[in-house]
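Visitor: 3D, please:
(chains A and B)
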Amino acid sequence: MSLSEIFTNPFICKIVMRALIVGVLVSLSAALLGVGLVLKRFSMIGDGLSHVGFLAVAIPTVFASLVNFSLEISLIIVVLASFLIMRISQSTKINGDSAIALISTSAVAIGVIIFDFTTGMTTDICNNMFGSSSVLTLTDKDLYISIALSLICIGTFVFLYNKIFCYTFDESFAASQGIKIKRCQAAVSLMISVTIVIGMRLLGAIMISALTIFPALTAMMLCKTYKSAVVSSAIISVICFVIGFFAACMLSLQTGPAVIIVNLLAFAASVIIKKLKRA
Amino acid sequence: MELISCQNVALKYQSYTVCDNLNFVVNDGDYLCIVGENGSGKSTLVNALLSLKECSEGKITFADGFDVSQIGYLPQTTQIEKDFPASVFEVVLSGCLAHTKGSFYKAEQKKQAQNAIDLLNINDIKKKSFSSLSGGQKQRVLLARALCAAKKVLLLDEPISGLDPKASANMYDIINTLNREHKMTVIVVSHDLDAAFKYATHILHINHSSSFFGTTEEYKASSISKNYIGGH
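Guide: Below you'll find the predicted structure:
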C-alpha cells in the first residue's frame, strides 16, 4: 500500500486514521509513564502485565458470550494483576522483578492451559502475541474506550506530575511531605495497566512494553532535567510510532515490530550523540 | 516556645522495642543533636517525629499551629539513581510540594526555591544535573530542598555521613548559620559527638534502657557520655 493510496481511498483512510489515533495516544501515555518506571527499576512491569493480558484473551474462549467484551475483561484482569504485583513487591521478601516474573509466567501458563481445553492454539492467539492487522479493524466501541482511557491516563499523569517526580526521586522525603506514596503507586499501576491493555492490541503482547521503555531510555540519554526527559520521551515516542506505523503500512509489515525497530534506531542514535558530545 | 514534646515514648522496630521511656522537648530555636549507637532507634525516632510511624507507647505532641508538614527533612543518604535526570532547581523546588495548592508550582514557590538556593550558595550549579554533583554539593541541594519544606524545623538524619572533612565542616557551618541567624530550629541525628558538643544546645542520647536528655553542658558532665566516648 502506498501513502497516496492510504490518503486517497476513503475507506482505507478511515481505518488507518483510527488505528493511528489510538496508537499515538497509547505511545504518548506509555512514554510519559515510562520515565518513572525505568527510574524505579520497574521496566519489566509492562512486559509482565501484557502476559497477563494473554490470560485475559483466553477467557472469552471459555465463555463465548463474553467475546464482545474482551477489552473490558482484559482491563479488569490486568488492573488486578498490577495491584497484585505492587502489593507483592512491597512485601519485604519478594522484590519487584521477581513479583513480575511470578505473576506473568503464571498467567501465561493458565492461559495456555485454558486454550488447550478450548480452541487450541489458533492464529488468533498468535495475533494477540505478536500484534496483527486487526489493529486496522478496531470496533467503534473499542475505539472510543481506547481514546477516552488514554486521554484520562495522560491527564492524570500531568495532574500528578510534581508528586510523581518527588516520590520517584526520593521516597523518604516524599513521605515526610505527606505524599501518599501507596496511592500514587496505585494510580501509576492503574495507568500503566490501561495503557498496556490498549496498546497490546496494536503492538502485540510480547512487544508492547517496548513503548514504555525505549522512548524513556532514549530521552534519558540526552536530557539533564526531569521535565525535558519526560517531554522528549513523549515526543520521541509519538514520532517513532508514526514513522513505524506508516512504514509498516507501506512495506506490509506488522505494526509492532516496525515501531520497535524505529525506536531501537532512535535509541542507537541517542547513544551515538551522547558519545560524540562527550568526545 | 515548645514546638515538639515527647512523653514516655516507646518505639518498636518490626516487632521488638528498640527504645522506651523517651522524654524530651524541642523549643523554638533549639539545636538538638540525637546520638546513640547503631540500632538504638534513632531512625525509628525520626520516622515517629515525621508521623510516618506510630509510637507503641506514649505520644509525640506538636505545638498549636505547628504540624509535620512544617518540618524540613533531610533523609539519611538515600541511593538516588545514577542516571536520574533531574536538575538542581527541580530537586529544590520539589521541597515546596506540601505548601502548594493544586497540582502545579506557582511563582511564589519558584521564588521560595530560589531563596533557598541563594541562601545555600548553590546558584552556580542550579541548572546542573543532580547526579553529576559531588557528595557535598548533593547534600547542600537536599538541604535546600528541606529548607523549602521547613517553616520552623529542620530534621537532618546523618547529614555528613560520607562527606570528606572539608565538606562536613562546610555543612556544619551552614546548619549553624541557619540555626543562629535564620532562627531555624534544628534536629540533627549524628554520630559525631565533637560537632554535637560544638554546636548543639541540647543532646538526646538514645539508649534502649536509659536514655539521656539535657543541655550539652549537662550531657558532657553525665556518666552516659563518658561511657559512650569510652566505648569508641
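
Visitor: distance of A:K274 relative to A:K224?
Guide: Taking C-beta to C-beta, to the nearest Å as the measure, A:K274 falls 12 Å from A:K224. The way it works is simple: take the backbone N, C-alpha and C, and place the C-beta from them, glycine included.

Visitor: buried residues, the helix or strand containing A:L160. List them.
Guide: Using DSSP states H and E, A:L160 sits in helix A:140-169. Applying a neighbour-count criterion of 16 or more other C-beta atoms under 10 Å in any protein chain shown, one finds A:142, A:145-147, A:149-150, A:153-154, A:156-157, A:160-169 buried in helix A:140-169.

Visitor: which element follows it toward the C-terminus?
Guide: For helix A:140-169, the following helix or strand on the C-terminal side (DSSP H and E) is helix A:171-176.

Visitor: do that following helix and chain B meet?
Guide: Yes: using C-beta under 8 Å from any C-beta of the partner chain, we find that helix A:171-176 touches chain B at A:171-176.

Visitor: ok so, going back, what is the helix holding A:L160 packed up against?
Guide: On a contact count with 3 or more C-beta pairs under 8 Å, 6 or more residues apart in numbering or on different chains; DSSP states H and E, helix A:140-169 meets helix A:10-39, helix A:70-90, helix A:171-176, helix A:181-203, helix A:226-251.

Visitor: mind showing which ranges of the stretch 151-279 of chain A have poor pLDDT?
Guide: Nowhere does the stretch 151-279 of chain A drop to pLDDT under 70.

Visitor: and it, which residues reach chain B?
Guide: Within reach of chain B by C-beta under 8 Å from any C-beta, the stretch 151-279 of chain A has these residues: A:158-163, A:165-166, A:169-179, A:219-220, A:223-229.

Visitor: and if we set it to 10 Å?
Guide: Proximity of the stretch 151-279 of chain A to chain B, by C-beta under 10 Å from any C-beta of the partner chain, involves residues A:158-163, A:165-179, A:216-217, A:219-230, A:232-233.

Visitor: report the buried residues of the helix or strand bottoming out on mean pLDDT in chain B.
Guide: Among the helical and strand segments of chain B, the one scoring lowest on mean pLDDT, DSSP states H and E is helix B:223-230, with a mean of 74. For helix B:223-230, the neighbour count (16+ other C-beta under 10 Å) marks B:224-225, B:228 as buried.

Visitor: quick revisit: A:K274 and A:K224: who's more crowded?
Guide: Applying other C-beta atoms under 10 Å in any protein chain shown to A:K274 and A:K224 shows that A:K224 carries more neighbours, namely 18 against 13.

Visitor: quick check, the more buried one in a helix?
Guide: No: according to DSSP: H, G, I helix; E, B strand; the rest coil, A:K224 belongs to no helix; its state is coil.

Visitor: tell me how many other residues surround the residue lying closest to it once chain neighbours are set aside.
Guide: Using C-beta to C-beta, 6 or more residues apart in numbering or on different chains and skipping the chain neighbours, the partner closest in space to A:K224 is B:S129 (4.1 Å). By the measure other C-beta under 10 Å, the count of residues near B:S129 is 19.

Visitor: would you agree B:S129 is in contact with A:C223?
Guide: Yes: assessed by C-beta atoms under 10 Å, B:S129 is found in contact with A:C223 at 8.8 Å.

Visitor: off-centre distance for the helix holding A:L160?
Guide: Centroid displacement of helix A:140-169 relative to its chain, using C-alpha atoms, centre = their mean, to the nearest Å, is 12 Å.

Visitor: quick one: it to helix A:10-39, angle?
Guide: In terms of direction (axes from the mean of the first three to the mean of the last three C-alpha atoms, to 10 degrees), helix A:140-169 departs from helix A:10-39 by 20 degrees.

Visitor: which secondary structure elements does the helix or strand hosting A:I6 contact?
Guide: For A:I6, the host element (DSSP H and E) is helix A:3-8. In terms of contacts (3 or more C-beta pairs under 10 Å, 6 or more residues apart in numbering or on different chains; DSSP states H and E), helix A:3-8 is packed against helix A:10-39, helix A:226-251.

Visitor: pull out the buried residues from the longest one.
Guide: Taking 16+ other C-beta under 10 Å as the basis for neighbour counts, the residues of helix A:10-39 that come out buried are A:15-16, A:18-20, A:22-39.

Visitor: please apply the same query to the last one.
Guide: Residues A:226, A:228-234, A:236-246, A:248-249 are the ones in helix A:226-251 that count as buried (16+ other C-beta under 10 Å).

Visitor: how distant is whichever helix or strand comes after that helix from the center of its chain?
Guide: Following the chain from helix A:226-251 toward its C-terminal end, the next helix or strand by DSSP H and E is helix A:255-278. Distance of helix A:255-278 from the chain centroid (C-alpha atoms, centre = their mean) equals 18 Å.
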